[in-house]
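Undergrad: Return atomic coordinates for the entry below.
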Amino acid sequence: MTTESPSLRILIAEDSSADRLILESIVAQAGHQAIPVADGIEALDAFEAHRPDIVLLDVMMPNMGGLEAARKIRELYQDELVPILFLTSLTDNESLVECIEAGGNDFIPKPYNSVVLKSKIKAFARVREMHQTLTHQKQQIELNNQHLIQEQTVAKQVFDQIAHTGCLDDGYLNFYMSPLAVFNGDVIVADVSPSGSLIVLLGDFTGHGLPAAIGSMPLATTFYGMVRKGFSVSDIMAEINQKLHEILPVGFFCCATCIDINMQQRRLRYWNGGLPASFLYRKQGDGFEALASKNLPLGVLSSKEFRAQTERVALDTGDRLFLWSDGIFEARNSAGAMFGEDRLHQFIEQNKHSDDLFHAVLDEVQAHIGESEKDDDLSLVEIPIQDIQYENKRHQYEVQSSEKLADWTMDLSLDANTLRQFDPLPLVTSILNEISGLSPHRTILYTVVAELYSNALEHGILRLKSSLKSSPEGFVEYYETRRQSLAELDSGSVRFMIKHRESSDDKGKCGTLRLRVIDSGQGFGVGQDKLYEKADAGDAGQHNYFGRGLSLMNSVCDEVILRAPGNDVEVAFSWHEQDQ
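TA: Reported below is the predicted structural model:
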């Protein structure tokens, strides 16, 4: 026996005692252990008792022949590779084929040749060893795969707890995600900001499973946390980019589109970094407008290099916005042909008047894929532009705390350098949200704070004319002028003076918030202080582009004071526990 060939247990089933002795001798000379039996029945018993590595079976034996014995061995141990070599003097093709079909691997012709037999035993020993190695590797792969799936499942459960559905299930939009893995490489998050804007982010991470989970969790937590505090899309994208740039390995990033729809202002803001162009269907023009990517994906650039500026588009009721990941374009059929961008655009153009274009697109893509395997995740979002108010549900996700602000005063002054690069609205509204009695009124308060601040900054300091917003074209011009003027701002200030007092009566807790905003501008020629008492909504409920400020605040606040010369506005807002 050589060190190259390990000792094997070899079962020899031969009814001829002389031939059996010859075979035993050859096997022993090769350094292996022989297990001799005289027929097929004994062969089965010996197989179960000794579990041999190789079986030598005579075809013609009493009681049970070699063919039947081979079939029973294969039936009982079909998951194991035990080479069966038939001992036969048969030479016709039909007999040899029958041996193979019974489960045989090879033949040993009679009379026996010692060299041939030893060579075949050695060859099948290598085959068996290779099979055992592959079986072990297969089992290890299955265990690793199970472990990976378990980790992905846990990550998905954690992600679902962190990244709740927001307003995805509220009927504001249609969405579809087809995961390629347990943890999807695509992510869709949506929520309503305190200002009443619907903010939606569709992201497509490189990779699937855990690599996608690494980025999806901070993306979702950052998105929901900042949306609920009233941050803009630009601020949200900049913060998410910074987090992903810090944690993702080189080569991993997230292509994303984030949109902000405000039906009261009839406008859309969007940021697209690396995803295919979104399509905005214009009901009036009966055509599509492409909202193309102008930025690199999230996580690629550092904070200093990242460009977070959004694009602004005017909207009309009846418009429809479509967002999709590149999995739609890259969906392949059984022949390997991609669905393609041109095919999608052509299909949408041909079916733009369909009552259910969203599902029509999905059906077309699925029909193209057929039974072939998916190469990537498929994600599609449709947002109908409706004349509705989106509902902010932040209070559903808050952890209740007994530690809330009661009586307090705050004075915050912002100079030109801060005004150019900082939006104070999220900070102010975040503080106001710490007042338990004001929590149910957060959307109204955000609107009031935003109106006071925009009036002070845009009209008081930048001297913009609100009459520009009398048309969609002027609306776009107004905000482009605002952007340029703010970037060049070198003087001016805005001051917030906030005071809250809490008390109680026979019906429970109550309180009053007084918010005063003063800008350093020249005012609007107001000769004396004016006090406005709480009035009906009036034209505040109409969908005008301008001229709604005072009437809007007058309709929701208890009083509005406009102090001369018009650069100082104070409002009072009362709350009562019984109203919650």
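Undergrad: need the longest helix for this structure.
TA: Of all segments of type helix in the chain, defined using DSSP state H, the longest is helix 114-162.
Undergrad: Show me the shaky parts of the stretch 301-450 of the chain.
TA: Residues of the stretch 301-450 of the chain meeting the criterion pLDDT under 70: 372-376, 393-404.
Undergrad: Roughly how far does Thr221 sit from Cys258?
TA: Summarising the geometry, the distance separating Thr221 from Cys258, computed by Cβ to Cβ, to the nearest Å, is 15 Å. Placement of C-beta: from N, CA and C, glycine included.
Undergrad: For beta bridges, what are the partners of the residue lying closest to Pro384 once chain neighbours are set aside?
TA: In this structure, Pro384 finds its nearest non-sequential neighbour in Arg320, 5.3 Å apart by Cβ to Cβ, 6 or more residues apart in numbering. In this entry, Arg320 is beta-bridged to Tyr281, Pro384, by DSSP bridges.
Undergrad: What degree of burial does Gly31 show, as a neighbour count?
TA: By the criterion of other Cβ atoms under 10 Å, Gly31 has 13 neighbours.
Undergrad: Over to Ala123?
TA: Residues contacting Ala123 under the criterion other Cβ under 10 Å number 12.
Undergrad: quick one on the thing from earlier: Thr221 and Cys258: who's more crowded?
TA: With other Cβ under 10 Å as the criterion, Thr221 and Cys258 differ in neighbour count, and Cys258 comes out ahead with 26 against 16.
Undergrad: Enumerate every residue touching the more buried one.
TA: Contacts of Cys258 were listed using Cβ atoms under 8 Å, 6 or more residues apart in numbering, and they are 199-202, 233, 236-237, 270-271.
Undergrad: May I ask you to confirm that the residue nearest to Pro384 is in contact with Tyr281?
TA: Yes - between Arg320 and Tyr281 there is a contact under Cβ atoms under 8 Å: 4.4 Å.
Undergrad: Tell me which of those two has more neighbours.
TA: Neighbours were counted for Arg320 and for Tyr281 using other Cβ under 10 Å; Tyr281 has more, 22 against 19.
Undergrad: hang on, that one packs against Leu291?
TA: No - counting by Cβ under 8 Å, Tyr281 stays clear of Leu291, with 11.5 Å between them.
Undergrad: Now for Glu477: which residues touch it?
TA: Leu468 are the contacts of Glu477 under Cβ under 8 Å, 6+ apart.
Undergrad: Where does pLDDT dip in the chain?
TA: Along the chain, the parts satisfying pLDDT under 70 run over 1-5, 79, 151-152, 155-165, 179-184, 207-213, 372-376, 393-404, 533-548, 578-580.
Undergrad: how does it divide into domains?
TA: According to automatic domain parsing, the chain comprises the domains 9-134, 163-384, 399-579.
Undergrad: So what's the gap between the helix or strand hosting Glu477 and the chain middle?
TA: Under the assignment given by DSSP states H and E, the secondary-structure element containing Glu477 is helix 472-487. Computed by Cα atoms, centre = their mean, to the nearest Å, the chain-centroid distance of helix 472-487 equals 34 Å.
Undergrad: buried set for that helix?
TA: By neighbour count, with 16 or more other Cβ atoms under 10 Å as the criterion, the buried positions of helix 472-487 are 474-476, 478-479, 482, 486.
Undergrad: same check, this time on stretch 503-517
TA: Along stretch 503-517, these residues count as buried under the neighbour rule (16+ other Cβ under 10 Å): 509-511, 513-517.
Undergrad: do stretch 334-346 as well
TA: Buried residues in stretch 334-346, counting neighbours by 16+ other Cβ under 10 Å, are found at 339, 343-344.
Undergrad: can you check stretch 59-69 too?
TA: Counting neighbours by 16+ other Cβ under 10 Å, stretch 59-69 gives 59, 61, 64-69 as buried.
Undergrad: how about those residues in a markdown table, adding secondary structure?
TA: Conversion of the buried residues of stretch 59-69 to a markdown table gives the following (DSSP: H, G, I helix; E, B strand; the rest coil):
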| residue | secondary structure |
| --- | --- |
| Val59 | coil |
| Met61 | coil |
| Met64 | coil |
| Gly65 | coil |
| Gly66 | helix |
| Leu67 | helix |
| Glu68 | helix |
| Ala69 | helix |
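Undergrad: Gln265 belongs to a strand?
TA: No - counting by three-state DSSP, Gln265 is not part of a strand but coil.
Undergrad: my guess is Leu56 meets Leu85, correct?
TA: Yes - between Leu56 and Leu85 there is a contact under Cβ under 8 Å: 5.3 Å.
Undergrad: Report the set of residues contacting both of the two.
TA: Overlap of the contact sets of Leu56 and Leu85 (by Cβ under 8 Å, 6+ apart) consists of Ile108.
Undergrad: higher neighbour count, these two?
TA: Leu56 (29 against 20).
Undergrad: The strand or helix carrying that one versus helix 114-162: what angle between them?
TA: When secondary structure is defined by DSSP H and E, Leu56 falls within strand 54-58. For strand 54-58 against helix 114-162, the angle between stretch directions is 130 degrees (axes from the mean of the first three to the mean of the last three Cα atoms, to 10 degrees).
Undergrad: Just list what strand 54-58 packs against, helices and strands only.
TA: In this structure, strand 54-58 packs against strand 9-13, helix 40-50, helix 66-76, strand 84-88, helix 114-162, with contacts taken as 3 or more Cβ pairs under 8 Å, 6 or more residues apart in numbering; DSSP states H and E.
Undergrad: one more time with 10 Å
TA: With contacts defined as 3 or more Cβ pairs under 10 Å, 6 or more residues apart in numbering; DSSP states H and E, strand 54-58 has these neighbours: strand 9-13, helix 17-29, strand 33-37, helix 40-50, helix 66-76, strand 84-88, strand 106-109, helix 114-162.
Undergrad: Give me the packing partners of the third one, helices and strands only.
TA: When contacts are defined as 3+ Cβ pairs under 10 Å, 6+ apart, strand 33-37 packs onto strand 9-13, helix 17-29, helix 40-50, strand 54-58.
Undergrad: what does the second one give?
TA: With contacts defined as 3+ Cβ pairs under 10 Å, 6+ apart, the secondary structure elements packing on helix 17-29 are strand 9-13, strand 33-37, strand 54-58, strand 84-88, helix 114-162.
Undergrad: re earlier: give me the common contacts of Arg320 and Tyr281.
TA: In terms of Cβ atoms under 10 Å, 6 or more residues apart in numbering, Arg320 and Tyr281 are both contacted by the residues 288, 352, 357, 382, 384-385.
Undergrad: and of those residues, the nearest to Ser413?
TA: Using Cβ to Cβ, the shortest approach to Ser413 within the shared contacts of Arg320 and Tyr281 belongs to Ile385, at 39.0 Å.
Undergrad: Just to check, the closest one is in contact with Leu315?
TA: Yes - the pair Ile385 and Leu315 qualifies as a contact (Cβ atoms under 10 Å) at a distance of 5.2 Å.
Undergrad: which one of these two has more residues nearby?
TA: The residue with more neighbours, out of Ile385 and Leu315 and counting by other Cβ under 10 Å, is Ile385; that gives 21 against 18.
Undergrad: if I pick the more buried one, what's in contact with it?
TA: Under the criterion of Cβ under 10 Å, 6+ apart, the neighbours of Ile385 are 198, 261, 263, 266, 268, 280-283, 315-321.
Undergrad: where does Thr91 fall, helix, sheet strand or coil?
TA: Assigned with three-state DSSP, Thr91 falls in the coil class.
Undergrad: what helix or strand does Arg269 sit in?
TA: Element membership of Arg269 [criterion: DSSP H and E] is strand 267-273.
Undergrad: Over to Val448?
TA: Mapping Val448 onto the secondary structure by DSSP H and E places it in helix 442-454.
Undergrad: tell me which strands and helices that helix is in contact with?
TA: If contacts are counted by 3+ Cβ pairs under 10 Å, 6+ apart, helix 442-454 sits against helix 425-432, strand 493-505, strand 508-519, helix 549-556, strand 568-576.
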